[in-house]
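**Q** Dropping a prediction and its sequence here:
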Amino acid sequence: MNFLTAEKASKLDQELMSTPGFSLDQLMELAGLSVACSIAEKYNHGKKILIVCGPGNNGGDGLVASRHLHHFGFDDVDLFYPKRTDKKIFKNLVHQIEQLNINLLEKMPSYSEIKSKYELIVDSIFGFSFKGEIRPPFDTIIENMISSKVPIISVDVPSGW
């Protein structure tokens with residue numbers, strides 16, 4: 001199995017989006033579909049899944065994954081997206097999620113709620129290009145995810161761990 005470093009992943013992203021490359025929409029769609037396919041391959045449809053999305057492109061991958069999971073028959077998906085952006089691509093994804101009646105949580109569940117309610121967490125908070133300190137609310141969110149001991153699938157890389 002081959003792994004990419006953050007630097008190599010960043011260069012690959014730039015290469016894929018250079019002319020005549022893929023659009024951000026296309027890359028996000030492919031990443032979200034890949035996440036959903038991986039989950040569908042490994043987990044049963046009855047699993048209760050929590051998807052936690054960050055404000056950037058990694059979060060967009062999680063939004064797309066939730067939509068595909070819904071179409072794959074995973075009806076028990078909750079989505080937490082605390083720092084929404086005004087960018088059109090993200091607004092469109094949220095609209096699609098709302099149209100499908102995917103549950104958008106108003107607040108992040110505590111670690112004990114996560115442990116008792118969910119069987120899988122999708123971490124799409126920060127991607128490979130994240131640098132710096134993890135600030136609120138994501139510091140507490142990540143702490144709750146880890147403390148819950150529920151299996152976590154990360155998009156790109158685990159967020160800040």
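**A** Cool, got the structure. Numbering: from 1, shown residues only.
**Q** Tell me which helix or strand in the chain has the weakest average pLDDT.
**A** When the helices and strands of the chain are scored by mean pLDDT, DSSP states H and E, helix 6-17 comes last with a mean of 69.
**Q** following that one, which helix or strand comes up?
**A** Next along the chain after helix 6-17, taking DSSP states H and E as the criterion, comes helix 24-42.
**Q** what about that next one, distance to the chain center?
**A** Its chain's C-alpha centre and that of helix 24-42 lie 10 Å apart, by Cα atoms, centre = their mean, to the nearest Å.
**Q** So what touches that helix?
**A** 13, 16-17, 22, 49, 57, 60-69, 72, 74, 89, 120, 122, 124, 153, 155 (Cβ atoms under 8 Å, 6 or more residues apart in numbering). Where C-beta positions appear, they are placed from N, C-alpha and C, glycine not excepted.
**Q** Generate the PyMOL command that creates a selection of the buried members of these.
**A** In PyMOL, a selection of the buried entries from the contacts of helix 24-42 looks like this (16 or more other Cβ atoms under 10 Å):
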select buried, resi 13+49+57+60+61+62+63+64+65+66+67+68+69+74+120+122+124+153+155
